[in-house]
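Peer 1: Can you look at this prediction? I've put the sequence above it.
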Amino acid sequence: MTEPARPLRQTRRSLPIALLRAREAVMGPIREMLATSGVNEQKWRVLRVLQEKGPQDLSLVAAEACLLLSSLTRMVRPMEEEGLIARHTPPEDRRKTIIAITEAGEALVRAHAAESAAIFAQIEAEFGAERLEQLLDLLQDLQALDLRQRRQP
């Protein structure tokens with residue numbers, strides 16, 4: 001006999017919807033900050049990863065910036081034309097593309113550093129430093145779960 005299906009959680013207590021709502025609460029001020037520079041949040045994430053990690057292979061940047069590799073590949077040429085990144089193909093492995101932040105990209109990140117820090121400080125002040133660290137730890141634990149394989153109830 002088949003077990004009856006569990007009822008769906010109410011949307012106010014749905015993890016995917018709660019994560020999206022929290023993302024929008026955090027990203028709203030970031031989008032406003034970036035609107036003055038003409039850089040969208042995806043480009044911002046790429047620049048931040050490159051600033052933090054140095055020159056990287058496209059696949060590593062895509063993973064660190066939470067982008068599909070195909071999306072990052074489409075972004076590379078415009079970002080290069082804007083002078084934000086530089087790319088090269090290593091002679092020892094012509095299949096790879098390495099990208100690096102340029103001085104203009106660094107300058108753009110520096111231009112927003114204070115405002116970005118202020119946004120984070122406001123979140124920390126209103127949410128609580130300890131709770132924010134706990135949330136970041138919990139989210140990291142959640143990311144580590146392997147949920148791709150469908151589990152049977």
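Peer 2: Arrived safely. Numbers count the residues shown, from 1 in each chain.
Peer 1: Quick check: which ranges of the chain have low pLDDT?
Peer 2: 1-2, 150-153 (pLDDT under 70).
Peer 1: hey, where'd the helices end up in it?
Peer 2: Remark: helices assigned in the chain by DSSP state H are 15-35, 41-53, 58-64, 69-81, 103-127, 129-144.
Peer 1: Including mean neighbour count and distance to Arg9, could these go into a markdown table?
Peer 2: Where you see a C-beta, it was placed from the backbone N, CA and C, and this is true even at glycine. Formatted as a markdown table, these follow (neighbours: other C-beta atoms under 10 Å; distance: least, C-beta to C-beta, whole Å):
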| stretch | mean neighbour count | distance to Arg9 |
| --- | --- | --- |
| helix 15-35 | 12 | 8 |
| helix 41-53 | 18 | 28 |
| helix 58-64 | 17 | 30 |
| helix 69-81 | 14 | 30 |
| helix 103-127 | 14 | 24 |
| helix 129-144 | 10 | 16 |
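Peer 1: right, so of the ones you listed, which gets closest to Arg94?
Peer 2: Closest approach to Arg94 among the helices of the chain is made by helix 58-64 (13.5 Å; C-beta to C-beta).
Peer 1: what packs against that closest one?
Peer 2: Judged by 3 or more C-beta pairs under 8 Å, 6 or more residues apart in numbering; DSSP states H and E, helix 58-64 is in contact with helix 41-53, helix 69-81, strand 98-101.
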